[in-house]
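1. structure, please.
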Amino acid sequence: MSLAQPDVTVVVGAYEAMPYLVACLDSVEAQTLGHDRIEVIAVDDGSTDGTGEYLEEFAARTPLDVMVIRQDNSGGPGGPRNVGLGKATGRYVFFLDADDRLGPEALERMVAMADRNGTDVVLGRVEGVNRKPPTSMWGRTLERTDVFSSNIKFTLSAQKLFRRAFLERHGMRFDESLWTGEDALFTMEAYLRADGVSVIADHTCYYLVGREDGKHVTKTGSHTLRFDSARALMNLIADMVPAGARRDALMVRPFLVTLLPQFGPKFLKDSEAVRREKLALAKPLMDAHWTGEVAHRLRVHERLRLQFVASERPDLLLEVLEFMRTTKTPEPVLEKGGRRVYFAYPHFRDRATGLPDSLYLAEPREAREVSGYREVGVDQLLRRAVRKARRVLIPAA
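-> Residues are numbered from 1 along each chain as shown. As a prediction, this is how the structure comes out:
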């Protein structure tokens with residue numbers, strides 16, 4: 001252990017990580033930050049494939065300062081990360097998954113970004129290798145932002161640079177009771193508590209690697225684990241953000257990313273018992289957190305499905321899913337001179353169901369995909385406001 005405090009502690013939680021661990025550790029060793037400025041704490045979580053042995057071999061030969069901890073399997077990724085965080089001495093902590101790898105210069109650029117702006121969290125651009133990465137938050141580099149002013153809520157994985165004093169000040173740790181989604185909970189809390197977040201969008205800092213054996217925690221486990229994850233994240237948001245538009249903007253994430261997939265194509269194949277269980281698990285979440293503001297931020301097919309879950313109408317949900325399975329494009333219905341677009345999914349303006357037109361109304365980002373749509377510009381909105389003000393303020397002759 002060097003006497004000078006390292007800039008970054010890289011925490012590597014590893015379970016059955018061979019052969020991906022080799023490239024992962026090589027990417028750390030290749031960093032330009034300087035070996036004396038990096039500390040590595042690698043936690044082997046009860047592997048049986050040689051992961052622990054390779055970590056010890058690496059520690060023995062690398063010039064990096066490496067601590068290897070071997071323990072019995074903890075049951076999830078949160079445990080090893082917490083162990084590593086508890087041993088960390090760096091000014092910053094970066095959580096690196098053992099089957100992924102860092103981009104060149106990643107740590108140097110992220111530390112410089114955090115030091116320059118005094119931010120508590122730094123996100124580096126992610127690219128996928130045989131795996132789909134998050135994309136919506138990499139539009140441009142942001143020296144300082146927050147979770148309400150950007151799309152960072154759609155990347156809640158743990159692979160970020162965190163200021164360690166900030167984590168310790170708030171006593172932040174991963175929830176080890178969650179098998180999946182523990183990183184989303186941790187990262188969302190960090191976003192909400194942070195004195196600023198930085199985004200590096202013009203340089204790839206992280207490679208998200210798809211394993212050929214498909215062993216990603218996020219792709220395994222029963223559906224009940226997903227509801228546990230959604231519930232935990234929704235409760236955190238509700239506890240930390242007062243009711244209103246800002247809370248609803250954040251609620252879009254667990255509804256869209258965690259809950260909605262449970263009512264996608266797989267729902268058609270689920271047994272009747274599983275369908276009933278999913279609806280029962282969803283009901284308290286829908287009752288507590290599903291609002292019109294959340295709904296209007298979604299695409300029409302997303303909104304419809306979740307509304308049918310909320311209203312306990314699996315029959316209508318199944319009809320929409322069957323329609324989507326045909327890959328047909330719903331007919332767009334343009335009104336108000338093309339300024340309003342509806343998508344005619346099943347039961348649009350069906351008097352028997354009594355569903356409001358608003359469920360089928362496309363928001364501007366979706367309506368722009370329709371030929372003939374005329375978006376209302378700022379100048380038009382201003383003219384409408386002026387006309388309305390005149391009607392109110394100027395008495396009739």
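
2. wait, what's in contact with Arg70?
-> With contact taken as C-beta atoms under 8 Å, 6 or more residues apart in numbering, Arg70 is in contact with 43-44, 52, 55. Bear in mind the C-beta positions are built from the backbone N, C-alpha and C, glycine included.

3. ok, of these, which one's closest to Asp228?
-> Asp228 has its nearest neighbour among the contacts of Arg70 in Val43, at 23.4 Å by C-beta to C-beta.

4. check for me that that closest one belongs to a strand.
-> Yes. Going by DSSP: H, G, I helix; E, B strand; the rest coil, the assignment for Val43 places it inside a strand.

5. for the residue nearest to it when sequence neighbours are not counted, what are phi and psi?
-> Of all residues beyond its chain neighbours, the one nearest Val43 is Pro80 (3.8 Å), with distances taken as C-beta to C-beta, 6 or more residues apart in numbering. Note on Pro80: backbone dihedrals following degrees, to the nearest 10 are phi -60, psi -40.

6. the strands in the protein, which residues?
-> In the chain, the strands defined using DSSP state E lie at 8-14, 38-45, 65-71, 92-97, 101-102, 121-129, 142-145, 161-163, 197-209, 332-335, 340-343.

7. what helices or strands is the longest one leaning on?
-> The contact analysis (3 or more C-beta pairs under 8 Å, 6 or more residues apart in numbering; DSSP states H and E) places strand 197-209 against helix 20-29, strand 101-102, helix 106-117, strand 121-129, strand 142-145.

8. please apply the same query to the second one.
-> Using 3+ C-beta pairs under 8 Å, 6+ apart, the elements in contact with strand 38-45 are strand 8-14, helix 20-29, helix 51-61, strand 65-71, helix 78-87.

9. of all the residues in the last one, which ones are buried?
-> So that's helix 78-87. 78-85 (16 or more other C-beta atoms under 10 Å).

10. what is the nearest of these to Pro346?
-> Out of the buried residues of helix 78-87, the one with the shortest distance to Pro346 is Gly78. That distance is 41.4 Å, counting by C-beta to C-beta.

11. got a pLDDT number for the closest one?
-> Model confidence at Gly78, expressed as pLDDT, equals 94.

12. same deal with Thr327?
-> We have a pLDDT of 86 for Thr327.

13. list phi and psi for it.
-> For Thr327, the backbone dihedrals are phi 60, psi 20 (criterion: degrees, to the nearest 10).

14. from Val111, how far off is it?
-> In this structure, Thr327 and Val111 are 47 Å apart, going by C-beta to C-beta, to the nearest Å.

15. these two: which is more packed in?
-> Neighbours around Thr327 and Val111, counted as other C-beta atoms under 10 Å, are more numerous at Val111. The numbers are 21 against 6.

16. skip the chain neighbours and tell me the closest residue to the more buried one.
-> Once chain neighbours are set aside, the closest to Val111 by C-beta to C-beta, 6+ apart is Asp7, at 5.2 Å.

17. now the residue nearest to Met137 when sequence neighbours are not counted: phi and psi?
-> Taking C-beta to C-beta, 6+ apart, and ignoring the residues beside it in sequence, Met137 has Asn151 as its nearest neighbour in space, at 4.1 Å. With angles defined as degrees, to the nearest 10, Asn151 shows backbone torsions of phi -100, psi 20.

18. my guess is Asn151 meets Arg140, correct?
-> No. Using C-beta atoms under 8 Å, Asn151 makes no contact with Arg140, being 11.0 Å away.

19. what about the two, which has more around it?
-> Higher neighbour count among Asn151 and Arg140: Asn151, with 16 against 9, using other C-beta under 10 Å.

20. from Gln159, how far out is that one?
-> When C-beta to C-beta is applied, the distance between Asn151 and Gln159 equals 16 Å.

21. what of Glu16?
-> If you measure Glu16 against Gln159 using C-beta to C-beta, the figure is 19 Å.

22. about what we covered before: who's in contact with the residue nearest to Val43?
-> For Pro80, the contact set (C-beta under 8 Å, 6+ apart) comprises 11, 13-15, 43, 45, 71, 74.

23. pLDDT weak spots in this protein?
-> Residues of the chain that meet the criterion pLDDT under 70 lie in 1-3, 214-221, 377-397.

24. please repeat the previous calculation with a cut-off of 80.
-> Across the chain, residues meeting the criterion (pLDDT under 80) sit at 1-3, 212-221, 376-397.
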